[in-house]
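Novice: Generate a structure from the sequence data that follows.
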Amino acid sequence: MQSLCTFDLCELAAQIIADECSTPNFTIEKPKIKEYENARYLYVYFCHNHINASFPIIRRTMLCYKYPKTVHQVFRRMYFRRKDNNLKMTLHYITKEYEERLKEFKAVDVKPRETGKQLCIFNFQ
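Specialist: Prediction:
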């Protein structure tokens, strides 16, 4: 079993959303294009609802947002839009793709935990 941190899971979600929306580097760049804004909205909503990432962690992964309240505002706007049929379909596809990629995802520089090993302080043999 590999231990994955929330940053790794958010990065995986960012890759999937970037592929789906055709918006590379949407977490870093801040052009005022509708596709980039939609990708950011999907990313914030998906990370908070499906990955269960907190707003400060999402804000640290989104380098394009300077103002701390922005992530809360984006989530609120996306929450009111969540019942749109196109948005439901996109979120369903992203969730399905996320689950498939998570099965074969490996974290970078993280050692998996070992179970069944006990620390031996004294060696009496």
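Novice: And the helix or strand of the chain with the lowest mean pLDDT, what's buried?
Specialist: Within the chain, confidence by mean pLDDT, DSSP states H and E is lowest for helix 55-61 among all helices and strands, at a mean of 86. Applying a neighbour-count criterion of 16 or more other Cβ atoms under 10 Å, one finds 55, 57, 58, 59, 61 buried in helix 55-61. Glycine gets a C-beta too; all of them are placed from N, C-alpha and C.
Novice: same thing with stretch 87-107?
Specialist: For stretch 87-107, by 16+ other Cβ under 10 Å, it's 87, 90, 91, 94, 97, 98, 107.
Novice: and after the least confident helix or strand of the chain, which helix or strand comes next?
Specialist: Using DSSP states H and E, the helix or strand that follows helix 55-61 towards the C-terminus is helix 70-81.
Novice: Any chance you could list what contacts that following helix?
Specialist: Helix 70-81 has contacts (Cβ atoms under 8 Å, 6 or more residues apart in numbering) with 40, 41, 42, 44, 45, 48, 55, 58, 59, 62, 65, 87.
Novice: can you give me the helices in the chain?
Specialist: 6-21, 34-46, 55-61, 70-81, 85-103 (DSSP state H).
Novice: Sounds good, over and out.
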